[in-house]
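Undergrad: My questions concern the predicted model and sequence given below.
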Amino acid sequence: MPTLFTKIINGELPGRFVWKDDKAVAFLTIAPIAPGHTLVVPRAEIDHWIDMPADLAQHLILVQQAVGQAIQKAFDPARVGVMVAGLEVPHVHYHLLPIHAIADLDFKKQNPNADPKEMDAAAEKIRAALRELGHGAHVAA
C-alpha cells in the first residue's frame, strides 16, 4: 500500500511542493512547527533513512542544502534546523525549518490548523528564493 507521501508525490493528495526532481521532492508539511517547515522526501518508498542507498542519501543531502539555503534566504532565521524522526510516516523524510533556538525543534509546537493562505505564501517565498539561488529548474510549479 502506498505511503501518505507517495500519494502526495503522485498527486493523489494535495501538496505544497517547492522542489521536484527525478529522485526527490520537497513540500511543506501540513502541521508546521514554524512557517516554512518543509519536508524533503525521496520518491522511492524507503522506510528508514539508514536503509537508503548511498547515492540517494547523498542526493537528498544536496536537496536539503538547496532548500535549506532557500529557507534561510526567505525567513532569515538564526539557523535552518534539520530533524529526522521517521515515526510519523513510514517513508524517509527530513524536516527542515527556520529556528532561532534549539527549543524550536519541538514537535509539540506543530500547528495542525495552519492558515492555508499563510502556507501558500510560505511555499511561494521558498520557491522564489530557490529561483534566486539558481535552482529554477527544480522549482515546483
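TA: Noted; the coordinates are in hand.
Undergrad: What segments of the protein are helices?
TA: For the chain, the helices defined by DSSP state H cover 4-9, 54-75, 116-132.
Undergrad: just checking, what packs against the longest one?
TA: Counting contacts by 3 or more Cβ pairs under 8 Å, 6 or more residues apart in numbering; DSSP states H and E, helix 54-75 packs against strand 17-20, strand 24-28, strand 38-42, strand 79-83, strand 94-99, helix 116-132. The C-beta positions use only the backbone N, C-alpha and C, and glycine is treated the same way.
Undergrad: closest to K73 out of the ones you listed?
TA: Among those, helix 116-132 comes nearest to K73, with 4.1 Å by Cβ to Cβ.
Undergrad: re the thing from before, now the helices and strands packed on helix 54-75 in TSV, with mean neighbour count, mean pLDDT and distance to L60?
TA: Formatted as TSV, the helices and strands packed on helix 54-75 follow (neighbours: other Cβ atoms under 10 Å; pLDDT from 0 to 100; distance: least, Cβ to Cβ, whole Å):
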stretch	mean neighbour count	mean pLDDT	distance to L60
strand 17-20	23	98	11
strand 24-28	24	98	6
strand 38-42	25	98	6
strand 79-83	18	97	11
strand 94-99	23	98	7
helix 116-132	17	98	16
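Undergrad: nearest to L62, of these?
TA: Between L62 and these, the shortest separation by Cβ to Cβ is 8.9 Å, and it involves strand 24-28.
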